[in-house]
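Undergrad: Provide a 3D model corresponding to the input given below.
(2 chains)
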Amino acid sequence: DAKTTQPTSMDCAEGRAANLPCNHSTISGNEYVYWYRQIHSQGPQYIIHGLKNNETNEMASLIITEDRKSSTLILPHATLRDTAVYYCIVRVTSNSGYALNFGKGTSLLVTP
Amino acid sequence: EPEVTQTPSHQVTQMGQEVILRCVPISNHLYFYWYRQILGQKVEFLVSFYNNEISEKSEIFDDQFSVERPDGSNFTLKIRSTKLEDSAMYFCASCAADTQYFGPGTRLTVL
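TA: Numbers count the residues shown, from 1 in each chain, chains lettered A, B, ... in the order given. This next block holds a predicted model:
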C-alpha cells in the first residue's frame, strides 16, 4: 500500500472549516483514499473515501488533486465533537477483503 | 442505522487464561476483521475472514489467536493463553463491499 504523510496535529476554531491534508505521492492507479477518525479510543469511524473525483457526504468533503498525490479532508463547520485523530489511508479494495493500515494520523483539536 | 456490536466492553483476565471476544457484524456484511490497539499506539490489523476462512493475517496473529464464526451472526476472536502484552483495545469490523465499519471495541486487561 502507498504510504501516507499527515501533520501530527492541527487546531481549528469551532464553526470554522477544518482542512486536513494528506500526502500519498506513491499512490497507484487502483488505490483509493480513505479517511477514518477515532475519538478517544472509541472504534475508528468511517468518514469518506474516493478514487480520483472529489467526494462529499453528510460528514465531510474529500478533495483529491488531479495527480492523486495528495488529498484534503474538509469538515465544513467543525464542532467540539470533531476533536479526534484523523487517519488518511490508501488501499486497494479487492474481493478477498483488505486490511486498513492505520498510521499515526492527525490529532485535530477543535477549540471554542 | 445498523452497527457492529462487541461484547464484553471490558474483560479482565489472568495471564495464561483463555479469552473469547465477541462481535456481531452488520447483518448483510460478508467480510470480517479484528484489529487491536495497545494503549497509546496505532491501530493494528490482526486478521480478516471471508467465506468461513481466514483471508489475510498479520504477523501479530500467531498460533495463540484464532477466529471463528460459530453461527450466522457472531464472529469471535480467541486468545488461547493470554500474555501481559495482549492487553489492548480489540476492535471488530465488518464490510459489505468496500468500506469497513468498526465496533466500539473490547478493552482487554491481562494481569
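Undergrad: center of chain A - which residue?
TA: In chain A, the residue lying closest to the centroid (Cα atoms, centre = their mean) is A:Trp35, at 3.2 Å.
Undergrad: so what's that one bridging to?
TA: On the basis of DSSP bridges, A:Trp35 is bridged to A:Ile48, A:Cys88.
Undergrad: quick one: residues contacting the residue lying closest to B:Ser94 once chain neighbours are set aside.
TA: Spatial nearest neighbour of B:Ser94, excluding adjacent residues (Cβ to Cβ, 6 or more residues apart in numbering or on different chains): B:Pro25 at 3.3 Å. Every residue, glycine included, has its C-beta placed from N, CA and C. Going by Cβ atoms under 8 Å, 6 or more residues apart in numbering or on different chains, B:Pro25 touches B:Val4, B:Phe32, B:Ser73, B:Phe75, B:Cys92, B:Ser94.
Undergrad: out of those residues, list just those in strands.
TA: Under the assignment DSSP state E, the contacts of B:Pro25 contribute B:Phe32, B:Phe75, B:Cys92, B:Ser94 to strands.
Undergrad: out of these, which is most surrounded?
TA: In terms of neighbours by other Cβ atoms under 10 Å in any protein chain shown, those top out with B:Cys92 at 28 neighbours.
Undergrad: check contacts around it.
TA: B:4, B:6, B:21, B:23, B:25, B:32-35, B:75, B:77, B:102-103.
Undergrad: circling back: and of the ones in strands among the contacts of B:Pro25, the nearest to A:Gln42?
TA: Using Cβ to Cβ, B:Cys92 comes nearest to A:Gln42 of the ones in strands among the contacts of B:Pro25, at 13.1 Å.
Undergrad: how many residues are close by the residue nearest to A:Lys3 when sequence neighbours are not counted?
TA: Counting by Cβ to Cβ, 6+ apart, A:Thr26 is the residue found nearest to A:Lys3 once chain neighbours are left out, at 6.3 Å. Using other Cβ under 10 Å, A:Thr26 has 12 neighbouring residues.
Undergrad: helix, strand, or coil at A:Thr26?
TA: What DSSP: H, G, I helix; E, B strand; the rest coil gives for A:Thr26 is coil.
Undergrad: if I read this right, it contacts A:Asp67, doesn't it?
TA: No - in this structure A:Thr26 lies outside contact range of A:Asp67 using Cβ atoms under 8 Å: 11.8 Å.
Undergrad: so what's the residue count around the closest residue to B:Thr99 other than its chain neighbours?
TA: Spatial nearest neighbour of B:Thr99, excluding adjacent residues (Cβ to Cβ, 6+ apart): A:Tyr46 at 5.6 Å. By the criterion of other Cβ under 10 Å, A:Tyr46 has 19 neighbours.
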